[in-house]
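S.K.: Structural data only, the sequence is not supplied:
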């Protein structure tokens, strides 16, 4: 039995869609304002962010979930609006795990700075 590329692409697309739906469900369970967005629209936004995360070499569910959560908290264009994010995500010096971990710490730092009124 041989699986054609088109079939593999179709399977991958289906899995990506399911994963985006799970992340959208997570956002709705953790962030009340996410519940205000129609599910179909939220899933579309999440799918777009998943696709963006993959362009930076993030592949595992945890890595992508960290990216999408950062995008939810700091804005969909955070990766281009914040020079530090742009530099880190585009860098070849960091592994995907390093980038993912950096996003978590960096996002927490952004909110801590806001809390201090800086």
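M.R.: Here it is on my side, so go on. Predicted, not measured: the structure shown is a model, and the values here were computed from it.
S.K.: three-state assignment of residue 48?
M.R.: Judged by DSSP: H, G, I helix; E, B strand; the rest coil, the three-state class of residue 48 is helix.
S.K.: in which helix or strand would I find residue 59?
M.R.: Assigned by DSSP states H and E, residue 59 belongs to neither a helix nor a strand.
S.K.: likewise the one 3 residues further on?
M.R.: Taking DSSP H and E as the criterion, residue 62 maps to helix 61-74.
S.K.: Report the next helix or strand after that helix in sequence order.
M.R.: Next element after helix 61-74 (DSSP H and E): helix 78-81.
S.K.: just to revisit the earlier point, counting contacts, what elements does the helix holding residue 62 pack onto?
M.R.: If you count contacts as 3 or more Cβ pairs under 8 Å, 6 or more residues apart in numbering; DSSP states H and E, helix 61-74 packs onto helix 5-30, helix 39-55, helix 78-81, helix 96-115. Yep, even glycine has a C-beta here, placed from its N, CA and C like the rest.
S.K.: Just the buried residues of the last one, please?
M.R.: Neighbour-count burial for helix 96-115 flags 96, 99, 100, 102, 103, 106, 107, 110 (criterion: 16 or more other Cβ atoms under 10 Å).
S.K.: For the protein, give me the ranges with low pLDDT.
M.R.: Applying pLDDT under 70 to the chain flags the ranges 1-11, 116-118.
S.K.: Look up how far residue 34 lies from residue 97.
M.R.: Here the distance between residue 97 and residue 34 works out to 26 Å (Cβ to Cβ, to the nearest Å).
S.K.: May I have the phi/psi pair for residue 57?
M.R.: Dihedral pair for residue 57: phi 90, psi 10, per degrees, to the nearest 10.
S.K.: Could you pull up the residues touching it?
M.R.: Counting by Cβ atoms under 8 Å, 6 or more residues apart in numbering, residue 57 touches 96, 99.
S.K.: if you set the cut-off to 6 Å instead, what comes out?
M.R.: Contacts for residue 57 (Cβ atoms under 6 Å, 6 or more residues apart in numbering) come out as residue 96.
S.K.: is it true that residue 56 touches residue 90?
M.R.: No - assessed by Cβ atoms under 6 Å, residue 56 is found out of contact with residue 90, at 7.0 Å.
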